[in-house]
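S.K.: Next come a sequence and a model predicted from it.
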Amino acid sequence: MLRTGVIGCGKIAQLRHLPEYAENPDCEIHGLYDTDSVRAKEMSVQYGGRVHESVDALLADPDIDAVSICAANPAHAPLSVRALQAGKHVLCEKPMATSLADCERMAEAAEKSGKLLMIGHNQRFATSNQLARELIARGEIGDILSFQSNFGHQGPEQWTGQSNPWFFDKKLALFGAIADLGIHKIDVLHFLTGQTTQEITAMVETLHKTFPDGTPITVDDNAICILRLSGGALGTVRASWTFYGQEDNSTRLYGTKGVLRIDDDPKHALILEKKSGEIIRYEIGKIVTNEEQLAGIRKSSGIIDAFADAIRTGIRPISDAKEAIHAMRAVFAALTSAESRRTVAILP
């Protein structure tokens, strides 16, 4: 039995980590901590687990084997490092950290501790992306020439239920849609293709979101990036908090032998269009949307199951720290590109 602790009991813990731990027969929620003790107690009543008075108290608990870090972005690195040094396996929410140096410090702490550090890039575990990766590896669309990938919805206020969530404050979040949503699409492109981002050109802007007093939020609400992957493919990633309609969480890859369409069709999560004209529509589950989660429609992201399995088997997971750093490098390069208005190369 994997005995787990959760640090931070906000929406991501409430809708993903806590229910998915509770649903996994090999996991037991043993400890909780949140700066809001009332919220932590509410989660304890619902899911079990002792409410700790501090992070230190939770990490000192010898009965906790692993922790989820569900705190705000700047806390990811220090909390993950402390947990690893305390001998705990760590599942840290994305973005991994707020600087490349902190990402590397986290990976180094995991290596020194001998414990697992996994990052919450849950789109790698979506059935559509897993099958798409297999089809690409089999050569079904040939060599990838170009791609487009979007992740947009109405914004984190829809997710949190707050008109002024911490996501909007640069001091608390550091960056906006590009690291909240864009990171997923950059990472999943790496997963699908087996390549990494080689260079990036980006525009990162605040186009519409405001604080309650009407002033613009202090992080980006839209990002459009042009990426060149290490295999030569060229394409775009778009992240937006201003899609005031249906959520778009789609990817298309264009190859020399055909096209793969992922989560862009209302009925079929994966469609293969071959150069010959043949079209194959796969009857598999679509990726869970924010709207579905907020409506109480339970669909496992797969991330908790994978975390528990990796600890049990000792087999490296597909979203460990070493994989996640590639996507973070691309995000930091995109921010540099937007600020300098130039294309930025990413060192291997």
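M.R.: Good, I have the coordinates.
S.K.: for the longest helix anywhere in the chain, packing partners?
M.R.: Ranked by number of residues, the top helix in the chain under DSSP state H is helix 321-340. Packing partners of helix 321-340 (3 or more Cβ pairs under 8 Å, 6 or more residues apart in numbering; DSSP states H and E): helix 100-113, strand 117-119, helix 183-193, strand 197-205, strand 222-229, strand 344-345. Backbone N, C-alpha and C define where each C-beta goes, glycine included.
S.K.: Tell me which of these is the most buried.
M.R.: Comparing the helices and strands packed on helix 321-340 by mean neighbour count (mean count of other Cβ atoms under 10 Å), strand 117-119 comes out on top with a mean of 28.
S.K.: for that strand, packing partners?
M.R.: Counting by 3+ Cβ pairs under 8 Å, 6+ apart, strand 117-119 packs on strand 89-92, helix 100-113, helix 303-313, helix 321-340.
S.K.: So for His184, which of those sits nearest?
M.R.: Closest of those to His184 is helix 321-340, at 8.4 Å (criterion: Cβ to Cβ).
S.K.: Could you tell me the end-to-end distance of stretch 185-205?
M.R.: End-to-end distance of stretch 185-205 (Cα to Cα, to the nearest Å): 18 Å.
S.K.: With stretch 30-50 instead?
M.R.: End-to-end for stretch 30-50, by Cα to Cα: 6 Å.
S.K.: What of stretch 175-188?
M.R.: 20 Å.
S.K.: average pLDDT for it?
M.R.: Stretch 175-188 shows an average pLDDT of 97 in the prediction.
S.K.: just to revisit the earlier point, so which of the helices and strands packed on strand 117-119 is the most packed in?
M.R.: Most buried of those by mean neighbour count (mean count of other Cβ under 10 Å) is strand 89-92; its value is a mean of 27.
S.K.: can you redo the helices and strands packed on helix 321-340 as CSV with distance to Trp241?
M.R.: Formatted as CSV, the helices and strands packed on helix 321-340 follow (distance: least, Cβ to Cβ, whole Å):
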stretch, distance to Trp241
helix 100-113, 24
strand 117-119, 21
helix 183-193, 13
strand 197-205, 11
strand 222-229, 7
strand 344-345, 23
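S.K.: nearest to Thr242, of those?
M.R.: Among the helices and strands packed on helix 321-340, strand 222-229 comes nearest to Thr242, with 6.2 Å by Cβ to Cβ.
S.K.: Am I right that Gln148 falls within a helix?
M.R.: No - going by DSSP: H, G, I helix; E, B strand; the rest coil, the assignment for Gln148 is strand, not a helix.
S.K.: now that we're looking at it, how far away is Pro95 from it?
M.R.: 22 Å (Cβ to Cβ, to the nearest Å).
S.K.: swap in Arg82?
M.R.: In this view, Arg82 and Pro95 are 18 Å apart by Cβ to Cβ.
S.K.: ok, these two, which is more surrounded?
M.R.: The residue with more neighbours, out of Arg82 and Pro95, is Pro95; 27 against 18, by other Cβ atoms under 10 Å.
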